[in-house]
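> turn this into a structure:
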Amino acid sequence: MRQVHIVGLGLNPRDLPCEISQKIAKAQVLVGGQRLLDCFKGHPAIKVPIQSPLNETIERIRKEIVEEKDVVVLADGDPGFYGIGKRLLDALGRETVIIYPNVTTLQIAASRLKISWHDIRSVSLHGRQDIQSLLTALVGNDRVAVFTDPDFHPAKVADELVRRGIDTFDMYVFEKLCTESEKIGCFELKEAAKKTFSSLNFIILDRIKRAQVPLCLGLEDEKYLHQKGLITKKEIRAAGLAALEIEPHHTLWDLGAGCGSVAIEASILANQGTILAVEKATDRVKLIRENIKRTGAYSVAVIQGEMPGCLESLPDPDRVFIGGGMGRDNRVLEEACKRLKPGGNLVLHVVLMDSLARARDYLNGLNWPFSTTQVQVSRSKSTAGDQRLGALNPVFILSATKTTP
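So this is what the prediction gives:
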């Protein structure tokens, strides 16, 4: 069986090294996107356009190499950087695939701006249903490169960011790089949302200012906009986040999110995951959105609705936090436990004895391992030229782990 040669064309197929040009010239089968195949119209090889679903194209490649044909797969930029390289390696095996790297769009774009690119976070919106991966990347990164697609073109991306109140980035749009029609522009997001760009484009989002409130773990309560008394105090927040044991890729449900303080700080920990803040009260939802904007925790998605019904369409969580959503019965707790992934952690903060008893009885019935911790916090207050300690309400923290069914 022959090997498959995956060739990165860079941004201009005419600039290929002689060795790679010869490899393409000898190919009996050329595989690639239609735009790349059109660059080799005079080539005598069989042309196989890459189409969705990709499995059909992979099987066609497998068939051709089994028949001992020389197959070359044409790729944009570098096949190993958001390219087809990984998919073919996984499907055909390392021994069957040879990769010829080339420069990426990101490298060229960075060179045009005369900046280094080693610390630029990059995301691809190809085939995505939303821009959640981009929102996650904007948290804590000063520059983010975006590989767009026809649905998420620069104007659409800018519009999505503007609708979320994001105003801390400008957008560089690179059109038709490495061609005679190359064009580069820098725009405010509101401006970019109204423009039309070439279908051959690339984006770099460049931070122009910091968030109003620097995002960190253990933010002071007064840094959050909140209704009086309706916030998880920073000491209790820290204990709850520790009990959740959040990993970077996790999906977290924050049920009864209040002002969003737990969800917002969880976004630092789940910096490659999904944070969903669920709240039914309209006034509190407004506070969550404003706190997201103030802290730059753009990856937090706000879900407004009545629980447990509004949870149905959400992705299954790795972690669940219930701080204000216990209610008068166990319906929310039951749904959260049902949807929690095996091995996932559930953390509840409760202050009422009845809620504590109901939660403990329910978790006992599930036979999940869990622990109960009472956290009592006192804070110093100035009195008569000295200080005294004033106690906050004690909070019970229930931590449970879902056992494999």
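> show me the strands in the stretch 151-300 of the chain, by range?
169-175, 183-188, 201-207, 251-255, 274-279, 300-304 (DSSP state E, counting those that start in this stretch).
> among those strands, which comes closest to Asp142?
Comparing the strands of the stretch 151-300 of the chain by their distance to Asp142 (CB to CB), the top pick is strand 201-207, with 4.3 Å. Any C-beta I mention is one placed from the backbone N, CA and C, and that applies to glycine too.
> got a list of contacts for that closest one?
Identification of contacts with strand 201-207 by CB atoms under 8 Å, 6 or more residues apart in numbering yields 105-106, 109-110, 113, 120, 138, 141-148, 153-154, 157, 168-175, 177, 186.
> tell me which of the strands of the stretch 151-300 of the chain sits nearest to Asn345.
The stretch from these with the least distance to Asn345 (CB to CB) is strand 251-255; that distance is 9.7 Å.
> let's see the closest one as CSV, backbone CA atoms only.
Taking C-alpha atoms only, strand 251-255 is exported to CSV below (Å, rounded to 0.1, in the frame of the first residue of the first chain):
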residue,chain,number,x,y,z
THR,A,251,-18.4,22.1,31.5
LEU,A,252,-19.9,23.7,34.7
TRP,A,253,-23.5,24.4,35.6
ASP,A,254,-23.9,27.2,38.1
LEU,A,255,-27.6,26.9,39.1
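> low-confidence ranges, the stretch 1-150 of the chain, go.
For the stretch 1-150 of the chain, not a single residue meets the criterion pLDDT under 70.
> mind doing that once more with 80?
1 (pLDDT under 80).
> for the stretch 201-350 of the chain, same thing?
Under the criterion of pLDDT under 80, the regions of the stretch 201-350 of the chain flagged as low confidence span 229, 324-328.
> among the contacts of strand 201-207, the buried ones, what's the PyMOL command?
In PyMOL, the members of the contacts of strand 201-207 classed as buried (16 or more other CB atoms under 10 Å) are selected with the following command:
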select buried, resi 105+106+109+110+120+138+141+143+144+145+146+147+148+153+154+157+168+169+170+171+172+173+174+175+177
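> the contacts of strand 201-207 in helices, which ones?
Using DSSP state H, the members of these that fall in helices are 105-106, 109-110, 113, 138, 154, 157.
> for Asn367, state which of these is nearest.
Distance from Asn367 was checked for each of the ones in helices among the contacts of strand 201-207 by CB to CB. The minimum falls on Leu138, at 41.7 Å.
> for that closest one, which residues are in contact?
Contact analysis of Leu138 by CB under 8 Å, 6+ apart lists 144, 166, 169, 205, 296, 298-299.
> show me which of the residues you listed is closest to Gly273.
Out of the contacts of Leu138, the one with the shortest distance to Gly273 is Ser299. That distance is 8.1 Å, counting by CB to CB.
> ok, back up a step: identify whichever of the strands of the stretch 151-300 of the chain lies nearest to Glu56.
Go through the strands of the stretch 151-300 of the chain one by one with CB to CB and the one that ends up closest to Glu56 is strand 201-207, at 27.9 Å.
> buried sites along the helix or strand encompassing Ile6?
Taking DSSP states H and E as the definition, Ile6 sits inside strand 4-8. Neighbour counts over strand 4-8 (16+ other CB under 10 Å) mark 4-8 as buried.
> other SSEs contacting that strand?
Using 3 or more CB pairs under 8 Å, 6 or more residues apart in numbering; DSSP states H and E as the contact criterion, the elements in contact with strand 4-8 are helix 18-25, strand 71-75, helix 85-92, strand 97-100.
> pick out the residue nearest the middle of the protein.
Using CA atoms, centre = their mean, the residue of the chain that lies closest to the mean C-alpha position is Ser133, 2.7 Å off.
> partners of the host helix or strand of Val123, with directions?
Here Val123, judged by DSSP H and E, is contained in strand 121-124. For strand 121-124, the pairing partners within the sheet under DSSP bridges are strand 143-147 (parallel).
> let me know the angle separating the strand it pairs with from strand 201-207.
Counting by axes from the mean of the first three to the mean of the last three CA atoms, to 10 degrees, strand 143-147 lies at 160 degrees to strand 201-207.
> residues in contact with strand 143-147?
Contact with strand 143-147 is made by 82, 105-106, 109, 115, 117, 119-126, 134, 137-138, 157, 169, 202-207, as judged by CB under 8 Å, 6+ apart.
> dump that strand to PDB, keeping only the CA atoms.
What follows is strand 143-147, C-alpha atoms only, in PDB (Å, rounded to 0.1, in the frame of the first residue of the first chain):
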ATOM      1  CA  ARG A 143      -4.200  38.600  21.000                       C
ATOM      2  CA  VAL A 144      -6.400  35.900  19.600                       C
ATOM      3  CA  ALA A 145      -6.200  34.700  16.000                       C
ATOM      4  CA  VAL A 146      -9.400  33.400  14.400                       C
ATOM      5  CA  PHE A 147      -9.700  31.000  11.400                       C
END
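> circling back to that earlier point, of the contacts of strand 143-147, grab the buried ones for PyMOL.
Once 16+ other CB under 10 Å is used to decide burial, the buried members of the contacts of strand 143-147 can be selected in PyMOL as follows:
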select buried, resi 82+105+106+109+117+120+121+122+123+124+125+134+137+138+157+169+202+203+204+205+206
